[in-house]
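In: what follows is a protein structure lacking sequence information:
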Ligand SMILES: NC(=O)N[C@@H](CC(=O)O)C(=O)O
Ligand SMILES: [Zn+2]
Ligand SMILES: [Zn+2]
């Protein structure tokens, strides 16, 4: 299969310039101005739209097996393709929990049949995410586990985290942490701030997150493991990561689009479409996240796409599950709110949604150059659209961005040389 993408805006040697990109059998074979044509099977006329390395999201909940009414590998990977993502990594908090080599293999087998983008799978740190017995890291690694995490819950015991890091270091897997000290977060449902007191709801203080980060940074320093912090939400956490990185700790961190865009002030009363863990925090916290993203303290953006059915999200802050979806809105949301406002350049945003996650986790992709895998996304930076959850490929609609007018939508996604999403052809292809 030989394909030419013609006249796309690509970032090359410091500027966005019209470029042709040739793809042969899933690999980018030339990148340049007005490449010779003639022998290709297909020409894609980009007409000045912007070509990005496929977006990469290492924090996604696909819900299969166990909660297929919320999302499946098929639906979640289609949502990813529509959002411009070519690689995602799925969390193990399924039912059963992905905590054995056989279950990891079964996930890859299913994804091989049903996914339209590259999907990796995490293995759990503890059996059943119960925080008791460590899983068999060596076996998980051999089965292809992407990294290790108990996302959804924090590892409560420091001693257990140390043991996990020592073992993870031996087998060569990254430890990915949902940082939350339950003894501080105690049944909270919203940031322990102004909004929670006004609504009379129990709070989750920023220290519940930062305390784990401080603790884990010490343990990571001692063990030398690659330690990655999920969904950083507070100023105290950003400062803890900044200090640890200055000491030379081998750690990385991610932030979600919703924590970069929203604060507790945006929560319109008891509406659980704004309920997620960690919670939306104060304006000061949000500023610290932005500063951390700019100075490299926070390495990249991950959505924490967490689908839940509408009925469950109608139960209000006390009764609804934590989590919001993000795959189909992340790019236009951040382009509109961070790039069009002048906070980040487009190339900085692309680095944080593709190049940096690839680099942190040793994934192929994240670049457009000769020899790279043809994982590519075309975005129409002029296109303005209203977020309509009813039109999502995701099975769930739990987004706080319903009705938002956003600019800069992905229109075409290629994974390994195959077009998997083409807006002009009606969406997901094949
Ligand atoms: N982020 C959330 O609010 N929810 C996630 C769990 C998690 O990421 O901690 C979920 O699985 O629903
Ligand atoms: Zn989490
Ligand atoms: Zn998560």
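Out: Thanks, I have the structure now. All of these numbers come straight from a predicted model, not from anything done at the bench. Residues are numbered from 1 along each chain as shown. Ligands and ions are numbered 1, 2, ... in the order given.

In: what is the mean pLDDT for the helix or strand where residue 5 lies?
Out: Element membership for residue 5, per DSSP states H and E: strand 2-12. Here strand 2-12 scores 97 as its mean pLDDT.

In: so how far is the next helix or strand after it off the chain centroid?
Out: Toward the C-terminus, strand 2-12 is succeeded by strand 15-24 as the next helix or strand (DSSP H and E). Between the centre of strand 15-24 and the centre of its host chain there is 26 Å, according to CA atoms, centre = their mean, to the nearest Å.

In: assumed residue 413 was part of a helix.
Out: No: using DSSP: H, G, I helix; E, B strand; the rest coil, the assignment for residue 413 is strand, not a helix.

In: neighbours of it, just the number please.
Out: Residue 413 has 30 neighbours, counted by other CB atoms under 10 Å. Where C-beta positions appear, they are placed from N, C-alpha and C, glycine not excepted.

In: residue in this protein nearest to ligand 2?
Out: Here the chain gets closest to ligand 2 at one residue, residue 178, 3.4 Å apart by CB to the ion.

In: nearest residue to that residue in space, please, no chain neighbours.
Out: residue 151 (4.5 Å; CB to CB, 6 or more residues apart in numbering).

In: repeat for residue 355
Out: Closest to residue 355 by CB to CB, 6+ apart is residue 366, at 4.1 Å.

In: which residues touch that neighbour?
Out: 53, 56, 354-359 (CB atoms under 8 Å, 6 or more residues apart in numbering).

In: where along the stretch 301-430 of the chain do the helices fall?
Out: Remark: helices assigned in the stretch 301-430 of the chain by DSSP state H, counting those that start in this stretch are 310-313, 316-319, 330-334, 346-350, 356-361.

In: now for those, which one comes closest to residue 81?
Out: Nearest to residue 81, of all the helices of the stretch 301-430 of the chain, is helix 330-334, at 12.2 Å by CB to CB.

In: tell me the mean pLDDT over that closest one?
Out: Here the average pLDDT along helix 330-334 is 99.

In: contact partners of that helix?
Out: Residues contacting helix 330-334 (CB under 8 Å, 6+ apart): 55, 57, 83-84, 257, 260-261, 301, 303, 344, 349, 353, 379, 385, 401, 404, 406-410.

In: at 6 Å what do you get?
Out: Identification of contacts with helix 330-334 by CB atoms under 6 Å, 6 or more residues apart in numbering yields 83-84, 257, 303, 349, 406, 408-410.

In: near ligand 2 too, which of those residues?
Out: Among the contacts of helix 330-334, no residue sits close to ligand 2 (CB under 5 Å from the ion).

In: ok, now how distant is the residue nearest to the spatial centre of the chain from residue 373?
Out: In the chain, the centroid-proximal residue (CA atoms, centre = their mean) is residue 302; its distance is 2.5 Å. The spacing between residue 302 and residue 373, counted by CB to CB, to the nearest Å, is 20 Å.

In: got the phi and psi for the residue nearest to the centre of the chain?
Out: Residue 302 adopts backbone torsions of phi -140, psi 140, taken as degrees, to the nearest 10.

In: and the pLDDT at it?
Out: 99.

In: go on, residue 430?
Out: pLDDT, read off for residue 430, is 69.

In: bridge partners for residue 378, pull those for me.
Out: residue 51, residue 412 (DSSP bridges).

In: check contacts around it.
Out: 46, 49, 51, 411-412.

In: of these, which pair is most distant in space?
Out: Largest separation among the contacts of residue 378 by CB to CB: 51 and 411, giving 10.9 Å.

In: out of the two, which sits in the busier spot?
Out: Neighbour count, other CB under 10 Å: between residue 51 and residue 411, residue 51 has more, with 24 against 18.

In: isn't the more buried one right up against residue 8?
Out: Yes: taking contacts as CB atoms under 6 Å, residue 51 lies within contact range of residue 8: 3.7 Å.

In: what's near enough to touch the residue of the stretch 1-150 of the chain found nearest ligand 1?
Out: Among the residues of the stretch 1-150 of the chain, residue 61 lies closest to ligand 1, at 4.5 Å counting by CB to the nearest ligand atom. Counting by CB under 6 Å, 6+ apart, residue 61 makes contact with 91, 306.

In: if we go to 10 Å?
Out: Applying CB atoms under 10 Å, 6 or more residues apart in numbering to residue 61 gives the contacts 67, 70-71, 76, 90-94, 151-152, 303-308, 323, 325, 396.

In: can you check residue 199 too?
Out: 189-190, 264, 267, 269-270, 316-318 are the contacts of residue 199 under CB under 10 Å, 6+ apart.

In: who in this structure is up against ligand 1?
Out: Within the chain, the positions lying close to ligand 1 (CB under 6 Å from any ligand atom) are 61, 93, 151-152, 178, 276-277, 304, 306, 321-323.

In: closest one of those to residue 250?
Out: Of the residues of the chain next to ligand 1, the one sitting nearest to residue 250 (CB to CB) turns out to be residue 178, at 19.0 Å.

In: just say helix, strand or coil for residue 81.
Out: The local conformation at residue 81, judged by three-state DSSP, is helix.

In: skipping its backbone neighbours, what lies nearest it in space?
Out: residue 421 (4.1 Å).

In: show me what contacts the one you found?
Out: 78, 80-86, 116-117, 377-378, 393, 410-415, 427-430.

In: filter those down to the buried ones.
Out: Those of the contacts of residue 421 that meet the buried threshold are 78, 80-86, 116-117, 377-378, 393, 410-415, 428, by 16 or more other CB atoms under 10 Å.

In: can you tell if the lengthiest helix in the chain touches ligand 2?
Out: The longest helix of the chain (DSSP state H) is helix 206-223. No: figure legend: helix 206-223 not in contact with ligand 2 (CB under 5 Å from the ion); closest approach 10.0 Å.

In: which elements pack onto that helix?
Out: With contacts taken as 3 or more CB pairs under 10 Å, 6 or more residues apart in numbering; DSSP states H and E, helix 206-223 sits against helix 158-171, strand 175-177, helix 182-185, strand 227-229, helix 235-247, strand 251-255, helix 283-295.
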